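K.L.:
I need the structure of the sequence given here:
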Amino acid sequence: MRKTAVKTTKRKPPFDPKAFLSKVNGGRTLAEYREHKIVYRQGDPADAVFYIQAGKAKVTVFSEQGKEAVVAVLGPGDFFGEECLAGQVLRLATVATLTECAITRIPKAEIISIIHTEPSFAELFISHLLARNSRVEADLIDQLFNSSEKRLARTLLLLANFGKEGDSEPVLAKISQETLAEMIGTTRSRVSFFMNRFRKLGFIDYNGHIEVHRSLLNLILHEKPEIRE
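P.N.:
Residues are numbered from 1 along each chain as shown. Model prediction:
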C-alpha cells in the first residue's frame, strides 16, 4: 500500500504580551531615561501609550496657578498615557522619572490594533485599567477619611509593592519628602515628623534610602501603637 504524506502546517506561536512589550518592532520604541527626566508634559499631544519595563516614575498635575500635585507613582509593569485611547487629544498630566527607567512607547494605532487582535494582550491591558480605577477610588477614600499619618503609611506600603503580586521591594528608591508630601496632601514638615515616628516604632529604617517593614501594616489595619519611652 502506498503511504500518503500528511501535510503539516506550522502553528503560530501563542502571543506573549510581555515579549511584545519588550521588543522594538514596527512603531514601538524602547528608551532609557535617567532619573528626574520628563517623559511627556501636561499639554503635549496624546498619541501613544507607555509601558514601564524598569524603574519608577511619578505622574504630576499642575493647576493654572502653577500648583503641583503628585497623583501617582508608577513602577515596572505599569502602563500610562492610556487616556489617548479614549479620545483625549492632549496630555492631562506630566510624567517624570524618579529613578533610571526603561520605558516602551507604543503608538496609539498599534496598541488599538493589538487590543482588537490579541485577546491575551487585551486581558492584560484591561486588568491594568481595572487596577488603576480601583487605586484611584482607594486614593479618594484615603484622602477623604484617613489622617495624613495613615495616608503616608499607605503610600509607603504601595511604593514598596506590599499587597501586590510578586516580591515586595522594601528598600525604596530615592523619593524625597517633598514628593511624599505632594502625594498625600500635607506639608514636608508633617512628613518628616511622621517618618521619624515610624522609625522610632520600628516600621521603617530611614537613612538616605527608605526601608519599609511589613509591621507598618499595623498602622493601617489596627489601632496605632504608642511609642514606649
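K.L.:
Going by C-alpha atoms from here, please, whenever you check contacts or count neighbours.
P.N.:
Will do.
K.L.:
Taking the centroid of this protein, which residue is nearest it?
P.N.:
Using C-alpha atoms, centre = their mean, the residue of the chain that lies closest to the mean C-alpha position is L74, 2.0 Å off.
K.L.:
pretty sure that one is in contact with K58, am I right?
P.N.:
Yes. Between L74 and K58 there is a contact under C-alpha atoms under 8 Å: 6.0 Å.
K.L.:
dump the residue contacts of the residue nearest to the centre of the chain.
P.N.:
Listed by C-alpha atoms under 8 Å, 6 or more residues apart in numbering, the contact partners of L74 are 52, 56-59.
K.L.:
Give me the buried entries from these.
P.N.:
52, 56-59 (16 or more other C-alpha atoms under 10 Å).
K.L.:
What about those, which are in strands?
P.N.:
Of these, the ones assigned to strands by DSSP state E are 52, 57-59.
K.L.:
Now tabulate those residues in JSON lines and tack on pLDDT.
P.N.:
Converted to JSON lines, those look like this (pLDDT from 0 to 100):
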{"residue": "I52", "pLDDT": "94"}
{"residue": "A57", "pLDDT": "91"}
{"residue": "K58", "pLDDT": "90"}
{"residue": "V59", "pLDDT": "91"}
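K.L.:
Surely L216 touches L152?
P.N.:
No. L216 is not in contact with L152 according to C-alpha under 8 Å; the separation is 10.4 Å.
K.L.:
Give me the more crowded residue out of these two.
P.N.:
Per other C-alpha atoms under 10 Å, whichever of L216 and L152 has more neighbours is L152, with 22 against 19.
K.L.:
what about the more buried one, which SS state?
P.N.:
helix (DSSP: H, G, I helix; E, B strand; the rest coil).
K.L.:
Tell me where the chain has helices.
P.N.:
In the chain, the helices defined using DSSP state H lie at 17-22, 108-117, 119-145, 148-159, 177-184, 188-200, 217-221.
K.L.:
For V49, give its distance to G66.
P.N.:
For V49, the distance to G66 equals 26 Å [C-alpha to C-alpha, to the nearest Å].
K.L.:
Which one's more surrounded, these two?
P.N.:
Neighbours were counted for V49 and for G66 using other C-alpha under 10 Å; V49 has more, 21 against 8.
K.L.:
Run a quick neighbour tally on L140.
P.N.:
When neighbours are counted by other C-alpha under 10 Å, L140 registers 12.
K.L.:
my bad, I38
P.N.:
Residues within reach of I38, counting by other C-alpha under 10 Å, total 15.
K.L.:
pretty sure R188 is touching A181, no?
P.N.:
Yes. Applying C-alpha under 8 Å as the test, R188 and A181 come out as touching, 5.4 Å apart.
K.L.:
where in the protein is pLDDT low?
P.N.:
Along the chain, the parts satisfying pLDDT under 70 run over 1-12, 26, 163-171, 173, 221-229.
K.L.:
Out of the contacts of L74, the closest to E123 would be?
P.N.:
Of all the contacts of L74, I52 has the smallest distance to E123: 17.7 Å, by C-alpha to C-alpha.
K.L.:
circling back: what about R188 and A181, which has more around it?
P.N.:
Set side by side, R188 and A181 show more neighbours around A181, with 21 against 16, by other C-alpha under 10 Å.
K.L.:
who's in contact with that one?
P.N.:
Neighbouring residues of A181 by C-alpha under 8 Å, 6+ apart: 187-188, 190-191.
K.L.:
again, only using 6 Å
P.N.:
187-188 (C-alpha atoms under 6 Å, 6 or more residues apart in numbering).
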